[in-house]
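Asker: here is a sequence with its predicted model. Questions after.
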Amino acid sequence: MQNLKAVITGVGVYVPDYILTNEELSRMVDTTDEWIMTRIGIKERHILRETGKGSSDMGVEAVKQLLRKTNTKPEEIELLICATVTPDMQFPATANIICDKMGIKNAFSYDINAGCSGFLYSLSTGVKFIETGKYKKVIIVGTERMSSIVDYTDRAVCPIFGDGAGAIMLEPTTENIGIIDEILISDGAGRVHLHQKAGGSLKPASFETVAAKEHFIYQEGQPVFKWAIVKMAEVSINIMERNNITAKDLAWFVPHQANLRIIEATANRMNLNKSQVMINIQKYGNTTSATLPLCLEEWEPQLKKGDNVILSTFGAGFTWGAIYLKWGYNTKS
Ligand code: UT7
């Protein structure tokens, strides 16, 4: 049997129209554009404001664009994995809802919750299905309505997050392209620093939990910040070393977009130039599972077949990791 690899063959994205600027945020909480730009590096983020819409609706738009760009029919899809921490509802899976809304009828689908590493973990899972040779078209979606769990009176959290979605297609290849290596790690002890206190089986929703604002993101920023820099750099350097890639061999580093200072510190530890690093945090904020595809889509015209690319994330769990791939296609201009 030939050595099958999984390769990304297309990217689609969606962000809602409404833009929440630092200027508007500074009228909602005691903050300033200068503080947010200096400490986090975010200028604006997109917010899904319509009632009756959820993460699935943004995921659907990203998948629509993906199918259009890759000239694929919904019935050709065999598996759809959705990474999200803001599912439409506790169950069924948002992936099932996306498939239903998209007319994806010949597939099975499920969600993965791995915090801000959700897209990376889902990509890893989808790759394994392709590598068996049994599956030919797998979609990975990352979609988040983070604004549904952000407390817009909490100035330490509300500037960080935004809403958005991205989707990629995975297909098999025997060429020397596609996903080559991965390092994925999690440590549940990190949950004390970043979690949602109520709404799960441990503490079901009640009048008290709502009154105590326990359905919003709880975050201790500083420990998360420190762990993120150390762990993202560690796995990214490890994956480069064990694949004999030096900084100059790397075309692109695609880091999770949580804080510009985390991105810069990680890139410095990896000895990268800023020109090798995809950064669009200023426009979207931290969209959790959607940050990586939002980067890949924006840089798609510049990505060349065979480019060495490293994706890296850190998030709630804690979860972190890095995936090394060779980009699969050139975009026709
Ligand atoms: O993907 C994983 C998700 N999360 C992350 O990656 C987040 C990681 N952590 C961070 O990005 C940073 O820790 C934050 C951006 C959350 C906070 O930045 P920081 O430099 O760690 O600030 P801090 O929490 O140490 O707060 C410094 C000061 C405090 O005031 P005092 O105690 O020094 O008087 C805060 O009350 O800044 C204050 N502060 C603010 N001031 C203006 C906190 N938030 C704000 C704000 N505007 N929005």
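Answerer: Thanks, I have it. The shown structure was predicted, so the numbers you read here are calculated from the model rather than taken from an experiment.

Asker: in the protein, mark out all the helices, start to finish.
Answerer: 22-28, 33-39, 55-70, 94-102, 118-131, 207-211, 221-242, 260-269, 281-284, 291-299 (DSSP state H).

Asker: redo those helices as TSV? Include mean pLDDT.
Answerer: TSV is the format used below for the helices of the chain (pLDDT from 0 to 100):
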stretch	mean pLDDT
helix 22-28	98
helix 33-39	98
helix 55-70	98
helix 94-102	98
helix 118-131	98
helix 207-211	98
helix 221-242	97
helix 260-269	98
helix 281-284	98
helix 291-299	98
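
Asker: quick one: which of these is nearest the ligand?
Answerer: Nearest to the ligand, of all those, is helix 221-242, at 2.7 Å by Cβ to the nearest ligand atom. The way it works is simple: take the backbone N, C-alpha and C, and place the C-beta from them, glycine included.

Asker: so which bits of that closest one are buried?
Answerer: 224-225, 227-229, 231-237, 239-240 (16 or more other Cβ atoms under 10 Å).

Asker: excluding sequence neighbours, find me the nearest residue to Leu184.
Answerer: Gly321 (3.8 Å; Cβ to Cβ, 6 or more residues apart in numbering).

Asker: any idea how many residues pack against the one you found?
Answerer: 26 (other Cβ atoms under 10 Å).

Asker: what of the one 4 residues further on?
Answerer: The burial metric for Leu325, expressed as a neighbour count using other Cβ under 10 Å, is 23.

Asker: on that earlier part again, and which of the buried residues of helix 221-242 is nearest Tyr121?
Answerer: Distance to Tyr121 across the buried residues of helix 221-242 (Cβ to Cβ) is lowest for Val235, with 12.9 Å.

Asker: the closest one contacts Ile323, doesn't it?
Answerer: No: in this structure, Val235 is not within contact of Ile323 by Cβ atoms under 8 Å, at 9.5 Å.

Asker: give me the number of residues near the residue nearest to Thr21 when sequence neighbours are not counted?
Answerer: Distance criterion Cβ to Cβ, 6+ apart; nearest residue to Thr21, sequence neighbours excluded, is Glu44 at 4.8 Å. When neighbours are counted by other Cβ under 10 Å, Glu44 registers 19.

Asker: just the pLDDT at Glu44, thanks.
Answerer: Note for Glu44: predicted pLDDT of 98.

Asker: look up how far Ala165 lies from the nearest residue to Gly142 once chain neighbours are set aside.
Answerer: Leaving aside its sequence neighbours, Gly142 sits nearest to Ser289 (Cβ to Cβ, 6+ apart; 3.3 Å). Separation of Ser289 from Ala165 (Cβ to Cβ, to the nearest Å): 8 Å.

Asker: quick one: which of these two has more around it?
Answerer: Neighbours of Ser289 and Ala165, each counted by other Cβ under 10 Å, are more numerous for Ser289; the result is 37 against 33.

Asker: ok, whichever residue of the stretch 1-150 of the chain sits closest to the ligand - contacts?
Answerer: Of all residues in the stretch 1-150 of the chain, Thr31 sits closest to the ligand, at 3.2 Å by Cβ to the nearest ligand atom. Thr31 makes contact with Asn22, Leu25, Arg155, Pro159, according to Cβ atoms under 8 Å, 6 or more residues apart in numbering.
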